[in-house]
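Asks: got a predicted structure here, sequence first:
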Amino acid sequence: MKKTIAIIGAMREEIAPLLESFGRYKSIDFGGNTYYQLEYKNYTIIIAYSKIGKIHAALTCSTMILHFNADCVIFTGVAGGLDSTLKIGDIVLATSLCQYDVDISAFGHPLGFIPESSIYINTNKELNDIVKKVAKENNLAIKEGIIASGDSFIFSNDKKKWIIDNFKACAVEMEGASIAVVASLLNVPFCVIRSISDGADDNANISFDEFLVNSASKSAKLVLSIIDNMPS
Ligand code: ADE
C-alpha cells in the first residue's frame with residue numbers, strides 16, 4: 001500500500017516553497033482549509049497550511065490523519081529562538097513539545113500539565129533520525145531541543161525568559177504542540193522542524209516580517225530532502 005506523508009505549515013509562506021517545488025498538485029477544500037495532494041515516488045503527499053495557532057493546527061493535523069489517512073506528519077515552518085546560540089535561519093528539530101500557555105496551577109498542577117496527558121510529548125525517533133541524517137549529508141547544523149507552543153507571538157524579553165525558565169525550551173512557536181497531541185494520541189509518527197525567524201525578544205515582530213520567507217524556505221528545503229530519504 002502506498003504511504004501518505006502529511007506536511008503541515010501554519011502560514012502560506014511556510015508551504016509555498018514545497019508547492020512551488022512539486023509544481024503539480026490537486027487542491028481539495030476541507031474544513032476551511034485547502035489541502036494540496038500529489039503523488040511523488042512511492043508516496044502520496046498531502047500539504048496544507050493550517051492558519052496560525054494551536055486550534056487550527058489541531059484541526060489540520062486531525063484532518064490529515066483521519067480524512068487523508070496520513071501515515072506520518074511533518075511540520076515545517078519558522079520559530080522564535082529562545083536558546084542564545086540560535087541565529088536567524090538556524091534549524092531546530094523538536095525532541096519534544098509542550099504548551100507553555102496551559103495553566104491549571106490553581107489545582108496544584110505544574111505549568112503546562114493537563115491530567116491524563118503530560119507536559120512534554122516526544123517526537124518520533126525514526127523520523128528524527130532521518131532528519132538528522134539528511135541534515136548531516138547537506139552540511140546543515142541542526143539544534144535538537146524542546147519547542148514550546150502557545151497562542152501568542154512572543155515579542156518580549158521578559159516573556160521569553162519566563163518560557164525558558166519554566167519549560168527549558170530552545171524555540172517558541174504557535175502550533176507544534178498541537179501536532180504532538182493529535183498525532184501521538186492517534187498513533188501517527190510525527191516530527192517538527194522549524195527555522196528561526198526571530199529571537200522572540202523585543203524586536204521579534206520586525207525580525208519576523210523580515211525573515212519569514214527566507215527562514216520558512218530553509219525549513220521547507222530540508223523537508224524536501226527528507227522526503228527523498230524516506231524508506232519506501
Ligand atoms: N513563530 C516565529 N516567531 C515566533 C515568536 N516570536 N513567537 C511565537 N511564534 C513564533
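Replies: On my side now, so go ahead. Numbers count the residues shown, from 1 in each chain.
Asks: for the chain, longest helix please?
Replies: The single longest helix within the chain, with elements called by DSSP state H, is helix 204-228.
Asks: in that one, what counts as buried?
Replies: 204, 207-208, 211-212, 215-227 (16 or more other CB atoms under 10 Å). C-beta here means a position set from N, CA and C on the backbone, and glycine is covered the same way.
Asks: show me what the residue in the chain that the ligand sits nearest to bridges to in the sheet.
Replies: The nearest approach of the chain to the ligand comes at Gly80, 2.7 Å away (CB to the nearest ligand atom). Beta-bridge pairing for Gly80 (DSSP bridges): Val172, Asp198.
Asks: pretty sure it contacts Asp202?
Replies: No - when contacts are counted by CB atoms under 8 Å, Gly80 is not listed as touching Asp202 (11.8 Å).
Asks: give the contact list for Ser232.
Replies: By CB atoms under 8 Å, 6 or more residues apart in numbering, Ser232 lies in contact with 41-42.
Asks: what does the chain put close to the ligand?
Replies: By the rule CB under 6 Å from any ligand atom, the part of the chain lying against the ligand is 78-80, 153-155, 172-174, 197-198, 200, 204, 208.
Asks: now the residues you listed: which count as buried?
Replies: Here, 16+ other CB under 10 Å leaves 78-80, 153-155, 172-174, 197-198, 200, 204, 208 buried among these.
Asks: which one of the residues you listed is nearest Leu59?
Replies: Set against Leu59, the nearest of these by CB to CB is Met174 (13.9 Å).
Asks: so the closest one touches Ile147, yeah?
Replies: No - with contact defined as CB under 8 Å, Met174 does not reach Ile147; the gap is 10.6 Å.
Asks: which parts of stretch 102-111 are buried?
Replies: Those buried within stretch 102-111 under the rule 16+ other CB under 10 Å are 102, 111.
Asks: separation between Leu140 and Thr34?
Replies: For Leu140, the distance to Thr34 (CB to CB, to the nearest Å) stands at 30 Å.
Asks: kindly report the same for Tyr25.
Replies: Taken as CB to CB, the span from Tyr25 to Thr34 is 10 Å.
Asks: who has more neighbours, the two?
Replies: Between Tyr25 and Thr34, Tyr25 has the larger neighbour count (other CB atoms under 10 Å), namely 17 against 12.
Asks: next, give phi and psi for that one.
Replies: Phi and psi for Tyr25, reported as degrees, to the nearest 10, are phi -160, psi 160.
Asks: can you give me the neighbour number for Tyr15?
Replies: Small correction: residue 15 is Ile, not Tyr. Neighbourhood size, Ile15 [other CB under 10 Å]: 23.
Asks: tell me the helix or strand right after the helix or strand containing it.
Replies: Using DSSP states H and E, the element containing Ile15 is helix 12-22. Using DSSP H and E, the helix or strand that follows helix 12-22 in sequence is strand 26-30.
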